[in-house]
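1. the following block contains a protein sequence and its predicted model.
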Amino acid sequence: MKLIAMGAADFQAFAARSVAGYARDIARTYGLPEPLALKSASADFDELLEDGLETEGHWFYCLCTDKDVEVGSLWLGVVEDPPLPAKLFVYDLEIHQPFRRQGLGRQALNAVEAWALDRGIRRLELNVFADNHEARKLYETSGMAVSEMTMGKDL
């Protein structure tokens, strides 16, 4: 799996997909109306990426096969919170729908791990919504384990 740096046009398309997907997750998880979920997702995105594609400490990649077929997208960020060691946080990893269930998510995670190790980073983290069973299975079978958990219920 190749990680190809996004250009401005790639980033604009990615940002629209990422915010829309996050908004759907928020709406589904918290029972919010779609417009309110979209507003929340957009605000979170803008807060994290005040300089968009050029935001320091964040990297954006197109995920491509060895034959240069784009199969997904990736957003990484290095999080430093001393005295804890630096960690690589996967903000968004998406395999495009036609390419799912072909082992490409696992290949992408392997590429992410190599990226981190090349930079001396020894911890990888991400968040996943509880009802995203396919993603959770991928992460668990890739050696990831729950390190924190938020629980809740509607009243």
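-> On my side now, so go ahead. Numbers count the residues shown, from 1 in each chain.
2. verify the assumption that Val112 is located in a helix.
-> Yes. Counting by DSSP: H, G, I helix; E, B strand; the rest coil, Val112 falls inside a helix.
3. now it. Nearest residue, chain neighbours left out?
-> Val90 (6.3 Å; CB to CB, 6 or more residues apart in numbering). Just so you know, the C-beta spots here come from the backbone N, C-alpha and C atoms, and that holds for glycine as well.
4. so where does the one you found fall, helix or strand?
-> strand 87-95 (DSSP states H and E).
5. show me which residues of that strand are buried.
-> The neighbour-count check on strand 87-95 (16 or more other CB atoms under 10 Å) flags 87-95 as buried.
6. now the element after the helix or strand that contains Asp10, going C-ward?
-> Asp10 belongs to helix 8-30 when assigned by DSSP H and E. Going down the chain from helix 8-30, the next helix or strand is helix 34-48, by DSSP H and E.
7. mind checking pLDDT for Ala135?
-> For Ala135, the model assigns a pLDDT of 92.
8. what sits up against the helix or strand containing it?
-> Assigned by DSSP H and E, Ala135 falls within helix 133-141. With CB atoms under 8 Å, 6 or more residues apart in numbering as the test, helix 133-141 has contacts from 100, 105-106, 109, 126, 128, 130.
9. out of those, which is most surrounded?
-> Gly105 (24 neighbours; other CB atoms under 10 Å).
10. which residues does that residue contact?
-> Contacts of Gly105 (CB under 8 Å, 6+ apart): 72, 93, 95, 135, 138.
11. just the element for it, please.
-> Gly105 belongs to helix 104-118, assigned by DSSP H and E.
12. hang on, the earlier thing: is it possible to get JSON lines of the contacts of Gly105 that adds distance to Ala41?
-> Formatted as JSON lines, those follow (distance: CB to CB, whole Å):
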{"residue": "Gly72", "distance to Ala41": "19"}
{"residue": "Leu93", "distance to Ala41": "17"}
{"residue": "Ile95", "distance to Ala41": "20"}
{"residue": "Ala135", "distance to Ala41": "18"}
{"residue": "Leu138", "distance to Ala41": "23"}
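13. for the residues you listed, which one is nearest Ala13?
-> Of all the contacts of Gly105, Ala13 sits closest to Gly72, with 12.3 Å by CB to CB.
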